[in-house]
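**Student:** no letters, just coordinates:
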């Protein structure tokens, strides 16, 4: 299956996807919390916030439901279509939240990502991210 490109019409099913859906080779995940809320102080330690830990747990659960049980090895390409809840936030911060959250599940480490493509839309009623991870040189998503 050939990958989707932002200059092409978007698959209609993506506009109605809900977390856990697999549409056109992409997994739909809940919209992640901002990296500005990623860490909290606990005494003299810095830890991941409850909000981020909860999002990662849900994302990992959806990945397992989609049949992604082992991380990819080697270089990978990641495509993200994001539907943000409001017209705020940088796309680079969103990329960090998503890529860090997929560590150990879609791939071993986000250092494996050699190609990243992101497109952002606004959808206050159904904020979400569609993520497609594939081996570099592979036309199929993830497997």
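**Tutor:** Received, thanks. Computed from a predicted model, the values in this text were never measured in an experiment.
**Student:** packing partners for the helix ranked longest in the chain?
**Tutor:** Longest helix in the chain by number of residues, with DSSP state H as the criterion: helix 50-65. Secondary-structure packing of helix 50-65 (3 or more Cβ pairs under 8 Å, 6 or more residues apart in numbering; DSSP states H and E): strand 26-30, helix 91-102. Yep, even glycine has a C-beta here, placed from its N, CA and C like the rest.
**Student:** list the buried residues of that helix.
**Tutor:** Neighbour counts using 16 or more other Cβ atoms under 10 Å place 52, 55-56, 58-60, 62-63 of helix 50-65 among the buried residues.
**Student:** so where is the chain shaky, pLDDT-wise?
**Tutor:** 1-15, 138-143 (pLDDT under 70).
**Student:** if we use 80, what do you get?
**Tutor:** Where the chain drops to pLDDT under 80, the residues are 1-16, 18, 20-21, 23-25, 36-37, 40, 89, 137-143.
**Student:** strands of that one, start to end?
**Tutor:** 22-23, 26-30, 39-42, 45-48, 76-84, 113-122, 128-135 (DSSP state E).
**Student:** if we can go back for a sec, looking at the buried residues of helix 50-65, which is nearest residue 76?
**Tutor:** For these, the minimum distance to residue 76 (Cβ to Cβ) is 13.9 Å, reached by residue 63.
**Student:** tell me the contacts of the closest one?
**Tutor:** Residue 63 makes contacts with 27, 102, 105-106, as judged by Cβ atoms under 8 Å, 6 or more residues apart in numbering.
**Student:** who wins for neighbours among these?
**Tutor:** Each of the contacts of residue 63 was scored by neighbour count (other Cβ atoms under 10 Å); the top score is that of residue 106, with 28 neighbours.
**Student:** how near is that residue to residue 120?
**Tutor:** Distance, residue 106 to residue 120, by Cβ to Cβ, to the nearest Å: 20 Å.
**Student:** repeat that for residue 104.
**Tutor:** Here the criterion is Cβ to Cβ. By it, residue 104 lies 25 Å from residue 120.
**Student:** between those two, who's got more neighbours?
**Tutor:** Under the criterion of other Cβ under 10 Å, the comparison of residue 104 against residue 120 puts residue 120 first, with 15 against 12.
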